[in-house]
Structures are given as structure tokens and as C-alpha cells.
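> Below: sequence and its predicted model.
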Amino acid sequence: MKFTFGNFSREVDNMDVAVVKSYEKSLEDFYKRVAAIDMKKNASGIYSDICQAGEAMMDGFFGQNSAREMFGESQSVRKVMEAVCGLNSFMNDVSGVVDSMRRLGA
């Protein structure tokens, strides 16, 4: 299957155990970085930290410079969160497996 976000596109087998483990690790690292953000900072500092966490997640999962390819020079929390949520939906889409199981009568 192909994950697409804007002009960014990669083939990703969201049913491959190694790929799912890599995704889970990247997502866990993202959660940890976001949880560690000092919420007493000014808004721009918080937004910057969230963007950095999202960029690290994308580079960690898709490979170095993937975040730059996805986001360019943008530092938009909205854009980063759309990518994180979109990837989460993509990775959790098991409809193909469910359909195959139904065809088998399960």
C-alpha cells in the first residue's frame, strides 16, 4: 500500500510485523517527546517542540530527510499533526485483512 501526504509518497506494508514494530517505536518516541514539552513555555516554543517531535517521528519511520520532504520549511503544528494522524490511520487500516478473512468464511 502507498502512504501519501501532500507530495510525499512511500510504499509501506502496514501488515508487515517489522514495519508495524518500527511504526510503534516511532509513535512511542513521538508521545514521549510531546509529553516532555514544558507547557509553561510561550506558544511558539511549544509549537516548535511539537513540530520537532513530529519531524523526528517521520524521519525515524520513513528515513532521514523524510520530514523535510513532507513539510518543507513549514513549522505548522496543524500540518505535522495531520501527518501523524494520517499515518496512524493508515497503519491501523486492517480492512484488507478483514476482507480476506471474510472471503475465507471467518
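Yep, it's here. Remember, it's a predicted structure, so these values are computed and weren't measured experimentally.

> Find the nearest non-adjacent residue to the residue nearest the centre of the chain, please.
When CA atoms, centre = their mean is applied to the chain, the residue found nearest the centroid is residue 84 (3.7 Å). On the basis of CB to CB, 6 or more residues apart in numbering, the spatially nearest residue to residue 84 that is not a chain neighbour turns out to be residue 54, at 5.5 Å. C-beta here means a position set from N, CA and C on the backbone, and glycine is covered the same way.

> can you count the residues close to the one you found?
Other residues within reach of residue 54, judged by other CB atoms under 10 Å, total 25.

> follow-up on the earlier one: residue contacts, the residue nearest to the centre of the chain?
30, 54, 57 (CB atoms under 8 Å, 6 or more residues apart in numbering).

> and the second one, what is it in contact with?
Under the criterion of CB under 8 Å, 6+ apart, the neighbours of residue 54 are 30, 67, 80-81, 83-84.

> and if you look at residue 61?
With the criterion set at CB under 8 Å, 6+ apart, residue 61 makes contact with 22-23, 26, 87.

> quick one: it and residue 11, what's the gap?
Shown here: residue 61 relative to residue 11, a distance of 13 Å by CB to CB, to the nearest Å.

> before we move on, the earlier item: so where does the residue nearest to residue 84 fall, helix or strand?
Using DSSP states H and E, residue 54 sits within helix 43-62.
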